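>>> Sequence plus the predicted model coming up.
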Amino acid sequence: MFTEANKKRAVEIVAQYPKAHSAILPLAHLAQDQDGWLSLDAMDEIADYCDTTAADVQGVCSFYTMYKRRPCGNFVVSVCTNVTCLVVGGPEVLEHLEHKYANDNDVFVEEVECLAACGNAPSMQVNYEYHEHLTPESAEQVVEDYKAGRLVARGVSGGAVHA
Amino acid sequence: MSEAVETPARKEVRETLIVSRRVREFPDDAHTFERATSDGAYEIWKEVLRRADVQWIHDEVKASGLRGRGGANFPTAIKWESLPDNGLPRHLVINGDEGEPSTFKDRLLIEGDPHALIEGVCIEAYRIGSHRAFIYLRGEFALGADRIEQAVHDARAAGYVGSNILGSGFDVEIVVHRGAGAYICGEESALIESLEGKRGMPRIKPPLPIHVGLYSEPTVVNNVETVCTIPHILKMGGAQYANLGVNRSTGTRLAAISGHVNNPGVYELEFGMTLRDIIFGIAGGIRGDKQLKFFLPGGASFQWLIASDEHLDQVYDIDDISAKLGTTLGSGAIMVYDEDTDPLLVAWRLAKFYAHESCGKCTPCREGSGWLEKVLYRMSHGQGRPNDMDALLDISAGISPDVMKAPFTQTTICPLGPSPVSAIASLQKYFRAEVEAACAAGVPA
């Protein structure tokens, strides 16, 4: 369920659009930033704001890879292995992090497509914050810095976290 | 575009900073309202409101020859002329869903110079008579969304955005809308679907979005770089802008150069340099004393080129490269690979990308991209079979019937389907022998 502050925010978001249905994506980001994932309950609630059915919202959200429909910890680590990162060490960064955090419930490591950070490849994002010019070791250090609070994370959907 | 074009004179090897000047000059704070306005942001917007002359905007942009920088190269002023006069509200949608592999030029403007984008949006909204503009950013651009939202907030506080702007009676609201990780939403009709809160699947065309777009109303969809260029055209004059570049490729464009070059990055280039000048002059040549093997001159979706004089002496000109070499400048990405790179590995990773990003609406793309990925995986991982190259061509023919032809033919609603076929055609054209040698041994026991 949205917090009181986020209920207010949700109403503001819906009001930005001529049709409430357009607010499905931003409200799903809002819910995911709040809860750390996109639950069935959250999608039910979004349907009410957007004047549609829960099935419709689930159908829409399941199309988009950024929406995590099961809990994934506090940190989503997205490592690019597309054609520029591919030839300068991206797959090695991914393999290292997947191995290192295989049993860490707080860190969700995923392989993603091009992040538009090819000038400083290999690149990754932690909760959609860019980190570039990586090696396997420096990438691990970045994740550790987030875990220790030395780097401040966004919400799991890349927005502000509204408690 | 297969019309005959004159071979243009070669341009000097240097950058020409217009649309990226502010962010390059003030990389640390060009995104702030204070820096941007002290550097001249919104001056042209004020001039537009003072003149109150829509035709002036139109004439200057038409004279500039500006063509869309998202990859389709469609003349911006002609798009405006196609707007129907049917009394329906008109929408302006900015495509900031930059997801084409190795394309990262719009991100520079989105994060680095959001006030330039907002000024361009205001001017274009004024030209087409739109009162609500949507800036669609790919979901991963979290910082970019923060920067643009802050910029919209500051511009509204200063009276440049909102109702009755600077007493002119003109209103425009700007909504920043984040996607959620779907490359296909960069296709304009899929982007509109996504903006309506639906799965991002392309629409059958016609009707074009310009006639029946967002909420079934007339909609102009423009790339970020295109919109950011409009204020500069009004400032310098359309004719002056058209003096830059060559033939029908006027002005400058942002090129995102990546891969095995010494100096990867985003460069603003006047059209007319050779590809050799761009790779070896601008981007500093191949790193580690290696030789160039092949490169993709226009992003991931179009045919590749190799290190031959014919290809390297090709001029950076939208129509000339298409007429002579059967590829395009696409989204402005240039990916460069050295002598040690396995072209099969690059082709496989591209096919994997398209298989993952296929929206699933059209069968040839949904099934074909997956089969290309499977065959290319075994070919690039030491398990290729002797007739695999022919298998690739056969699968490709099911997606894009005339496989080797460029621009590609398509059996699908949108161009995502035939995009991986460009890589197959490139393998066939330039690396057939190398591929056959790699697959000659058959499956290891």
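Happy to help now that I have it.

>>> can you pull out the strands in the chain?
Since you didn't name a chain, this refers to chain A. For chain A, applying DSSP state E gives strands covering A:75-80, A:107-112, A:124-126, A:129-131.

>>> Wait, chain B was what I had in mind.
Using DSSP E, strands in chain B cover B:91-96, B:132-137, B:173-178, B:219-223, B:245-246, B:249-250, B:252-259, B:265-270, B:292-296, B:305-306, B:333-338.

>>> Show the average pLDDT along the fourth one.
Regarding strand B:219-223, the rounded mean pLDDT is 98.

>>> Who are the packing partners of it?
helix B:76-81, strand B:91-96, helix B:114-128, helix B:188-195 (3 or more CB pairs under 8 Å, 6 or more residues apart in numbering or on different chains; DSSP states H and E). The C-beta positions use only the backbone N, C-alpha and C, and glycine is treated the same way.

>>> could I get the ones you listed as CSV with mean pLDDT and mean neighbour count?
Converted to CSV, these look like this (pLDDT from 0 to 100; neighbours: other CB atoms under 10 Å in any protein chain shown):
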stretch, mean pLDDT, mean neighbour count
helix B:76-81, 98, 17
strand B:91-96, 98, 27
helix B:114-128, 98, 26
helix B:188-195, 98, 26
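
>>> Any idea which of those gets closest to chain A?
Within the helices and strands packed on strand B:219-223, the stretch nearest chain A is helix B:188-195; the backing value is 6.0 Å (CB to the nearest CB).

>>> Run through the residues of the stretch 201-350 of chain B sitting next to chain A.
B:215, B:256-260, B:264-266, B:300, B:333, B:335, B:337, B:341, B:345-346, B:349-350 (CB under 8 Å from any CB of the partner chain).

>>> Please pick the buried ones from these.
Buried members of these, scored by 16 or more other CB atoms under 10 Å in any protein chain shown, are B:215, B:256-260, B:264-266, B:300, B:333, B:335, B:337, B:341, B:345-346, B:349-350.

>>> Just want the residue of the stretch 201-350 of chain B that's nearest chain A.
Proximity of the stretch 201-350 of chain B to chain A (CB to the nearest CB) peaks at B:Ser258, 3.7 Å away.

>>> Now that residue: closest residue in space, sequence neighbours ignored.
Take B:Ser258 and drop its neighbours on the chain: the residue closest to it by CB to CB, 6 or more residues apart in numbering or on different chains is A:Cys118, 3.7 Å away.

>>> do A:Ser157 as well
Spatial nearest neighbour of A:Ser157, excluding adjacent residues (CB to CB, 6+ apart): A:Gln32 at 3.8 Å.

>>> residues in contact with that neighbour?
For A:Gln32, the contacting residues are A:38, A:42, A:66-68, A:155-157, by CB atoms under 8 Å, 6 or more residues apart in numbering or on different chains.

>>> Identify the farthest-apart pair in these.
Using CB to CB, the contacts of A:Gln32 span at most 14.2 Å, a distance reached by A:Ala42 and A:Met66.

>>> count of neighbours near B:Asp309?
By the measure other CB atoms under 10 Å in any protein chain shown, the count of residues near B:Asp309 is 8.

>>> Taking the stretch 1-150 of chain B, what residue is nearest to chain A?
B:Ala142 (3.4 Å).

>>> Wait, B:Leu269 touches B:Ile278, no?
Yes. Here B:Leu269 reaches B:Ile278: they are 6.7 Å apart, a contact under CB atoms under 8 Å.

>>> Pull up the overlap in contacts between the two.
Residues touching both B:Leu269 and B:Ile278 (CB under 8 Å, 6+ apart): B:255, B:316.

>>> Can you spell out the domain ranges of chain A, please?
A:4-61, A:75-147 (automatic domain parsing).

>>> now those domains in TSV, with distance to B:Gly99?
Converted to TSV, these look like this (distance: least, CB to CB, whole Å):
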stretch	distance to B:Gly99
domain A:4-61	15
domain A:75-147	6
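
>>> Show the model's pLDDT score for the residue nearest to A:Ser157.
A:Gln32 carries a pLDDT value of 97.

>>> low-confidence ranges in the chain?
With no chain named, the answer covers chain A. Applying pLDDT under 70 to chain A picks out residues A:162-163.

>>> Correction: the question concerned chain B.
Within chain B, the stretches with pLDDT under 70 are B:1-9, B:442-445.

>>> Got the domain ranges for it?
If you go by automatic domain parsing, chain B breaks into B:21-242, B:246-337, B:343-439.

>>> how about these, which one is nearest A:Pro136?
Nearest of the domains of chain B to A:Pro136, taken as CB to CB: domain B:343-439 at 19.1 Å.

>>> Between its first and last residues, how far does the closest one reach?
13 Å (CA to CA, to the nearest Å).

>>> same question, stretch B:399-411
Taking CA to CA, stretch B:399-411 runs 6 Å from one end to the other.

>>> distance between that stretch and the chain's centre?
Offset of stretch B:399-411 from its chain centre (CA atoms, centre = their mean, to the nearest Å): 20 Å.

>>> and the stretch 51-200 of chain B, which residues reach chain A?
With the criterion set to CB under 8 Å from any CB, the stretch 51-200 of chain B comes near chain A through B:98-104, B:106-107, B:132, B:138-143, B:145, B:173, B:175, B:177-183, B:194-200.

>>> repeat that for 6 Å
Counting by CB under 6 Å from any CB of the partner chain, the positions of the stretch 51-200 of chain B adjacent to chain A are B:98, B:101-102, B:104, B:107, B:139-140, B:142, B:175, B:180-182, B:196-199.
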